[in-house]
Each structure stands twice: as C-alpha cells, then as structure tokens.
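1. Build the 3D model from these lines:
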Amino acid sequence: MDYISYYQSPLGQMLLAAKGDALSGVWFEGQKYYGSTLAEVYEEKNVPILEQTKDWLNIYFQGENPDFMPHMIWIGSSFQKDVWRSLMEIPYGNVTTYGEIGNKLAKERGVARMAARAVGTAVGHNPISILVPCHRVVGVNGKLTGYAGGIDRKAALLMMEHEKM
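-> Here you go, the predicted structure:
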C-alpha cells in the first residue's frame, strides 16, 4: 500500500510518500516529476516511515546533518539507481559535478565515458529530494544548474549546509 503525508518545510510544502514501510518519495510542491512514484491508489496516513522522515527533515532544516537515514526504496532504472547511489556518497556541505559522477560511473562500468547530460537526467528524476542529495550536484565551475525543486531552493539548501560546515 502507498501512503502519503505532507511536511511544511522552510522552503515550502513537501509531499512524502511511502510504499509499505519504505520511503519512496519526497517532493516540493510543484516540482518537476511531483508524485512520480505514487500508485494510483494511496492513503493519507502518518505511518512510521513517514514520521521518521519528518524527524529527519526537522533535524536537517535546523541546520544539522541527521545521524540516521529512513529506509528507502528507489523506483527507477538501473542507471538511475546507480546515479542516486552516487548522490548518497556526497558529504553534507559538499558538492560534486555531473561530470565527476559520470566519470566515477564510467570507471565502475568499465567504459570510456559517461555523458554528464545522462547523469543530469537521472539526477533530475530523483524522487527522494534532500535525503538523496541531488541538490549537491552542480555544473562545471560550481554553476548552479538544474534542480527539479527550483534553483532558488537548491541555492538555499546549499547555503544552509555550507553555513554549518
């Protein structure tokens, strides 16, 4: 069964989704691919995984790096999941580029190169915003590019993390 709940963040309302006891989505209202992992039928209910996610978000938006991670299920292609795993390796308060992720994945897969554009597309389809930190990926020379939740939110998230470092 799919469950949803809402969370009011300092950057706007968020929709949280779970499949059973695993977190499956966290989206800012109005962002691209909003609700992309939701089944047609779902129930609005504060199940434990969504409460744990709210606790995580409360800690995060207080400017701290939470010391736990809710159980997640990633719904996407094999390539997308590889990119999302790479996002989880970006430390709090740090950034990497689409190209660096592409180079890492190319090396892991034993291929000459991986297009930064393909990585960017996978990053953009990340259904679990903030917890899977797609906001920590920037363009060449640190340029803020592409964030499904909006560039202003991306900048605010990075600024909040950087201030605590």
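2. CA atoms only for the helix or strand Val119 falls within, dumped as PDB, please.
-> Per DSSP states H and E: Val119 is located in helix 116-124. The C-alpha coordinates for helix 116-124 follow below in PDB (Å, rounded to 0.1, in the frame of the first residue of the first chain):
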ATOM      1  CA  ALA A 116      27.100  14.300 -18.000                       C
ATOM      2  CA  ARG A 117      23.700  15.000 -19.600                       C
ATOM      3  CA  ALA A 118      22.600  11.400 -18.900                       C
ATOM      4  CA  VAL A 119      23.700  11.800 -15.300                       C
ATOM      5  CA  GLY A 120      21.800  15.100 -15.100                       C
ATOM      6  CA  THR A 121      18.700  13.500 -16.400                       C
ATOM      7  CA  ALA A 122      18.900  10.700 -13.800                       C
ATOM      8  CA  VAL A 123      19.700  13.300 -11.000                       C
ATOM      9  CA  GLY A 124      16.600  15.300 -12.100                       C
END
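3. Direction included, what does the helix or strand following it pair up with?
-> Beyond helix 116-124 on the C-terminal side, the first helix or strand identified by DSSP H and E is strand 137-138. Here strand 137-138 has these sheet partners by DSSP bridges: strand 96-97 (parallel).
4. Give me the contact list for the strand it pairs with.
-> Contact with strand 96-97 is made by 90, 116, 136-140, as judged by C-beta atoms under 8 Å, 6 or more residues apart in numbering. (C-beta placed from N, C-alpha, C; glycine too.)
5. Counting neighbours, what do you get for Ala112?
-> 7 (other C-beta atoms under 10 Å).
6. hmm, back to that, would you mind pulling up the elements that the helix holding Val119 packs against?
-> On a contact count with 3 or more C-beta pairs under 8 Å, 6 or more residues apart in numbering; DSSP states H and E, helix 116-124 meets helix 78-88, helix 98-109.
7. If you average the pLDDT over it, what comes out?
-> Across helix 116-124, pLDDT averages out at 91.
8. on that earlier part again, I'd like the helices and strands packed on helix 116-124 as JSON lines, with distance to Gln8, mean pLDDT and mean neighbour count appended.
-> What follows is the helices and strands packed on helix 116-124, written out as JSON lines (distance: least, C-beta to C-beta, whole Å; pLDDT from 0 to 100; neighbours: other C-beta atoms under 10 Å):
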{"stretch": "helix 78-88", "distance to Gln8": "25", "mean pLDDT": "96", "mean neighbour count": "17"}
{"stretch": "helix 98-109", "distance to Gln8": "31", "mean pLDDT": "92", "mean neighbour count": "17"}
